[in-house]
Every structure is written in structure tokens, then in C-alpha cells.
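Chemist: Pasting the sequence and the predicted model now:
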Amino acid sequence: MSIEQYDLTKNYIRPLDADKHELAIETKDLQVFYGENHAFHDGNLKFERYKITSLIGASGCGKSTYLRSLNRMNDGIGRVTGQIMYRGLDINTKKINVYEVRKHIGMVFQRPNPFSKSIRENIIFALKEDGQKNKKKLDEIVEKSLRSAALWDEVKDDLDKSALALSGGQQQRLCIARAIAMAPDILLMDEPCSALDPISTLKIEETMIELKKNYTIIIVTHNMQQASRVSDYTAFFHLGHVIEFDKTRKVFTNPKIQATDDYVSGNFG
Amino acid sequence: MMDKIKEKIQNNSRETRQELRGRILTYCAIGLILIVVISIFLFVALKGIATFTQDKASLKTFFTGTNWNPGILGSDGKPLVGALPMIAGSFGVTILAAIIATPFAIGTALYMTEIAGKKGRNVLQSVIELLVGIPSVVYGFIGLTVVVPFVRDHFGGSGYGILAGSFILFVMILPTVTSMTVDALKAVPKHYKSASLALGATQWQTIYKVLLKAAIPGILTAIIFGMARAFGEALAVQMVIGNASLLPTSLLTPASTLTSVLTMGIGNTVMGTTANNALWSLALILLLMSLIFNILVRWIVKKGRM
């Protein structure tokens, strides 16, 4: 198959077939504006349930902006238009309770950001605010979340120590545990490994592959190997557009567009 | 050629002399300030202690006695220097003012950092700066003509007293406490907020459980700075507190503070007399209190870092 130059008027996104794939979340014509700045143009993407989808692209291409829009974290920062379909409902409207949305679409940030509380307090913070008071149940969730984030064995004796005493990689896994303690459907990860060393990165990747049995994961990454190692689908973002979306293997070995090929092979200009 | 470089390396140049001059200038400045601070402290301390060494007043009477009449000797032959009414008055107005000011300051600061837009923030910022700039005599005058009658009409008594003084001090320390609380809230790392919001917490839950918790050391520092200011304020308090050196029995009876007695009395006593020395003892207490406030602030800041 011959490779094409990118053409704005054409659509290169191979949509997932809704009959064959169970969708977790889908965006239709999602656009983001920061004041006058049109930061993101056309987000028509579908994310399959219990799969990992990578969003790749150069800095400033709009992938983090897109990701943050999915759980309405851009509220009050930018203007997001278009539809975000979640469980058959458009969650990008004024009427939607954003706090409930965020409980079901969790997020892990670029820099590990635990609160300066104990490990246990970090995990049960949101649960307590949500009204969960049963101590036994909370303890259960703490253990389960830490196990899912592959952190339990390292911290089980130090649950009441400050989370800030953990290493960067452990802090990030704590943040993952904190996010999954709310039992979300979808986990958004914004460059979760960019501040970590390769070994911690590997651990997080293993955690992600384990997590996808129960969660749908969408991850923004600058690390091409990471995208190819962990993700089932990859979307390539370029200058505020999604220009290619397909199975990860296809995007990396047989991209349809020149710009994607240049990016994934590290060949620019 | 080589020798010239060798020579230059070993000798002073314009740069080394400049460096030296700069150093001497800063050392001079810091030396002068140190001398001034130490002299003031020593002077006040010596004068203040004289009441007890020279005039044989007892320390116990000073801190627990309620009869303040330092020009006259009591039945035991010692001067009547019971300063408890003033100490109680000073702490009374200070603590009450801080209690009233703290919720307002935190509310205002939260509005400025979390809720207001840029415009609202700027307007409030200028209002606060304006409040700082009003001279204390103006506050006192307003207190005399507005607050004292208000207290008289709504709470009873003559209107003069700790309550009126606290109301005035509340307005006076509010800007200090507010702007320092704003700084404390701004110093909370941004990622705490996004972490909390991403977990589905509301803005109020985020403020209450995350931002305020993280800012507690800063807010405590702000309150203590406000208390230090209230403790040392003289003129405005003196105008509304009633100036009776009686142990306050309620918030509505006339009272006095360390500062008000000082400003009233210092012009009416002769240097070196017992009456004058007794005033210096009050000044020493003020100085020690501000020292304690300072130490407290440092301790809290240190604790907060850990």
C-alpha cells in the first residue's frame, strides 16, 4: 500500500465497527478552544472497552488537551465543543454532573501527585468524600487497589506513613491505586511515566497490562516504545488534528500517512 | 608577557576592590541595624527591670496584682504595680480580634484565589491595600464615633471596652491576615487541586479537605502576624477601650491594654521615677510578646515544612 501525504480534507481515521467492538467512550467532533486559540480541531475517536489506546504525537499537538476533555478537566480552562458519548449519553453538556463523571473516568497525571497524607488516606480520600464510612470496606478497597497497582507488597506495612516518602515510581503507582479505588470504567493517563526511570516505567506498564482486564485505558505518551509495547490501538495527533488511528501494530509498521511514518520512525523534515 | 599575567593574578584589581567595597557596605548596614536592635532591647530591658531591682516591686505583684498605681507605695512599702488588668486587656482584644478576623480572612482569601475572576481579584487586592494604608488614628476616630455608640446601643454598657477595641482591631488586622492567607493558599501545589478534582471531588470538597489542609501552617502564620499587630497597636485601641486600669469583668466594661497605658502615661511621668520605670516594664512585656510571636511563627513554618 502506498503512503500518502496528509490531506486535511480526507478522513484517515478507521473507525471501529460498533458491532464488533464494545465501546467505552467515543468523541464526535470534539474541539477545544483556549480563548482565541483553537487548540484541538477534530476529535472523532472511538475507544474499545478493556483495551489500551495510546495517543501519540509531538508536544503541543493537542493530545493532552483532548485527554483532559474526556473527564471534563478542561472545564473552566478552555471551551470544549462537540460530543463525548459515554454509556450512550453525551457527557459534554451543562446538565451533566461532572463530579460523577470524574468518579467513573479516572485520571493519572504526568507528575506523581499524591496528597501530603498517609498512603491509606490518599486512597480513601475520595471514597470518604463519596460517603463510604465502613472501615472494613475501606481497608478492603485500600488493599485491593494497591494490589491492582502492584504496590501492595512494597507498602503493606507502611500504610500510615506519608505518601511523599515513596519513590517517584511508587508515588505514581499510588496515584493509579488512588484512581482505581473509585472503581472507574475508564482510566486516563497523561504521560504517566515521563518523570520516571526505565525500571519504574516497566513496572507501570506491567500494571497497565494487568489493569486492562478490568479497565479501559487511554494513555498519552511521548515514548514510542511504550505505545507499541502496551497499547492495542494508537492515535497519531498532529498540529491539533487526529490524523491516523488504527491497531497499534499497523500504525507502527505500516502507517498510511507520511507524517505518521516520519513521527514513529523518528524521521523528521 | 608571561610575567605580566603572573603579576596581575597576584595583585588586586578594580574587580577585587569593587567586591571588597560592596562587602564593607553591606556589613556596615547590617552592623548598624544590629547595634540599633540590640541597644533598644538592652535599654528597654534595663529600664523595665529597674522596677524590680531598684524600686523593689515584686514580680508576683506585677503579673498577678490588679492595682496599678506605680507612683504610690502600698501598705507593704512596695510600689503598686499590678499589671494584670493591662495584660488581660491586651490578650483579650488580641485574641478576640483574631477570632473574629480569621474566618473573614480565610473566606476572602478563598474567594480571591479560588472563586473570583481576574477582575474581582484585582479589586479586592486594592481594597486590602487601601485598608492597610489607613492611619490608625483614623481607625480610632471611626471607632469612637461609630463603633462605640454601636456597641452601646446593641450590647449595652458604656460602649467603651474590649469588645469595641476588638472590632477596631479586627478591621485593622484583616488585611494582614487576608493577604498572608492568600499567599499561603497560592503556595499550595497546583497538582493537589487537579488530583482532587480528577477523583470527582467538588470544588468545595477540594478547598475544604485539600487546599485548606495543606495551607494550615501558612494560615496559622498569618493569624499570628495579625495577633502581633493587634497586640502592639496603641492609638486606635486607646481611643475606644475606655482606659480604666481595672481587671475587665466583661467585654463591655472599660478596660486598658499595655499599649494604651503606655501612650497615656509616658508623657506624664518623670524619667527615673518608679512610675516611669513601671511603664518601661510594660514596654518590656510588649517586646517579649512580639519576640514570642516571632518564635511561634518560625516554629510553625519549620513544622509545616516537615
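Modeler: Ah, there it is. Residues are numbered from 1 along each chain as shown, chains lettered A, B, ... in the order given.
Chemist: Output the residue of the stretch 151-269 of chain A whose distance to chain B is smallest.
Modeler: Of all residues in the stretch 151-269 of chain A, the one sitting closest to chain B is residue A:182 (6.3 Å; Cβ to the nearest Cβ). Using the backbone N, CA and C atoms, a C-beta is placed for each residue, glycine as well.
Chemist: what's near enough to touch that residue?
Modeler: Contacts here follow Cβ atoms under 8 Å, 6 or more residues apart in numbering or on different chains; on that basis residue A:182 touches A:103, A:104, A:106, A:126, A:127, A:130, B:199, B:200.
Chemist: again, 10 Å this time
Modeler: Contact analysis of residue A:182 by Cβ atoms under 10 Å, 6 or more residues apart in numbering or on different chains lists A:102-106, A:123, A:126-127, A:130, A:141, A:145, B:198-200.
Chemist: Dump those to JSON lines, plus neighbour count.
Modeler: As requested, the contacts of residue A:182 are exported to JSON lines (neighbours: other Cβ atoms under 10 Å in any protein chain shown):
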{"residue": "A:102", "neighbour count": "26"}
{"residue": "A:103", "neighbour count": "22"}
{"residue": "A:104", "neighbour count": "17"}
{"residue": "A:105", "neighbour count": "27"}
{"residue": "A:106", "neighbour count": "27"}
{"residue": "A:123", "neighbour count": "31"}
{"residue": "A:126", "neighbour count": "24"}
{"residue": "A:127", "neighbour count": "22"}
{"residue": "A:130", "neighbour count": "16"}
{"residue": "A:141", "neighbour count": "20"}
{"residue": "A:145", "neighbour count": "23"}
{"residue": "B:198", "neighbour count": "28"}
{"residue": "B:199", "neighbour count": "27"}
{"residue": "B:200", "neighbour count": "24"}
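Chemist: which regions of the stretch 51-200 of chain A sit below the pLDDT cut-off?
Modeler: Counting by pLDDT under 70, the stretch 51-200 of chain A has no low-confidence residues at all.
Chemist: hey, where'd the strands end up in it?
Modeler: For the stretch 51-200 of chain A, applying DSSP state E, counting those that start in this stretch gives strands covering A:52-56, A:79-86, A:89-90, A:105-108, A:186-190.
Chemist: now, among the contacts of residue A:182, which is nearest to residue A:37?
Modeler: Proximity of the contacts of residue A:182 to residue A:37 (Cβ to Cβ) peaks at residue B:198, which lies at 23.3 Å.
Chemist: Tell me what the closest residue to the closest one other than its chain neighbours is bridged to.
Modeler: Of all residues beyond its chain neighbours, the one nearest residue B:198 is residue A:107 (3.9 Å), with distances taken as Cβ to Cβ, 6 or more residues apart in numbering or on different chains. Beta bridges link residue A:107 to residue A:188 when assigned by DSSP bridges.
Chemist: and residue A:107, how many neighbours does it have?
Modeler: Residue A:107 has 26 neighbouring residues, counting by other Cβ atoms under 10 Å in any protein chain shown.
Chemist: That one and residue A:69 touch, don't they?
Modeler: No: contact status for residue A:107 versus residue A:69: not in contact, 11.4 Å apart, counting by Cβ atoms under 10 Å.
Chemist: Spit out the residues that contact the two alike.
Modeler: Contact with both residue A:107 and residue A:69 is made by residues residue A:188, according to Cβ under 10 Å, 6+ apart.
Chemist: still on that earlier bit, which residues sit in contact with the residue nearest to residue B:198?
Modeler: A:67-68, A:70-71, A:73, A:175, A:179, A:184, A:186-190, A:192, A:218, B:194-195, B:197-200.
Chemist: And for residue B:207?
Modeler: Residue B:207 makes contacts with B:106, B:110, B:113, B:114, B:115, B:185, B:193, B:196, B:201, B:213, B:215, as judged by Cβ under 10 Å, 6+ apart.
Chemist: where are the low-confidence patches of chain B?
Modeler: Low-confidence segments of chain B (pLDDT under 70): B:1, B:305-306.
Chemist: tell me which parts of the stretch 101-250 of chain A are close to chain B?
Modeler: Residues of the stretch 101-250 of chain A lying close to chain B (Cβ under 10 Å from any Cβ of the partner chain) are A:101-117, A:122, A:125-130, A:162, A:175, A:178-179, A:181-182, A:184, A:188, A:190.
Chemist: quick revisit: including distance to residue B:264, could the strands of the stretch 51-200 of chain A go into a markdown table?
Modeler: Output for those, formatted as a markdown table (distance: least, Cβ to Cβ, whole Å):
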| stretch | distance to residue B:264 |
| --- | --- |
| strand A:52-56 | 73 |
| strand A:79-86 | 63 |
| strand A:89-90 | 72 |
| strand A:105-108 | 63 |
| strand A:186-190 | 65 |
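Chemist: Can you tell me how far residue A:90 is from residue A:28?
Modeler: Residue A:90 sits at a distance of 8 Å from residue A:28 (criterion: Cβ to Cβ, to the nearest Å).
Chemist: Find residues that contact each of these two.
Modeler: Taking Cβ under 10 Å, 6+ apart as the criterion, residue A:90 and residue A:28 both touch A:82, A:83, A:84.
Chemist: ok, for the last one, nearest residue in space, not its chain neighbours?
Modeler: Of all residues not flanking residue A:84 in the chain, residue A:92 sits nearest, at 4.4 Å (Cβ to Cβ, 6+ apart).
Chemist: Touching, that neighbour and residue A:25? I think so.
Modeler: No: using Cβ under 10 Å, residue A:92 and residue A:25 do not qualify as a contacting pair, with a distance of 11.1 Å.
Chemist: Those two: which has the busier surroundings?
Modeler: The residue with more neighbours, out of residue A:92 and residue A:25 and counting by other Cβ under 10 Å, is residue A:25; that gives 24 against 21.
Chemist: The helix or strand where the more buried one lies to strand A:52-56, inter-axis angle?
Modeler: Secondary structure assignment for residue A:25, by DSSP states H and E: strand A:23-34. With axes from the mean of the first three to the mean of the last three Cα atoms, to 10 degrees applied, the angle from strand A:23-34 to strand A:52-56 works out at 20 degrees.
Chemist: tell me what strand A:23-34 is packed against?
Modeler: strand A:37-48, helix A:63-70, strand A:79-86, strand A:186-190, strand A:216-220 (3 or more Cβ pairs under 10 Å, 6 or more residues apart in numbering or on different chains; DSSP states H and E).
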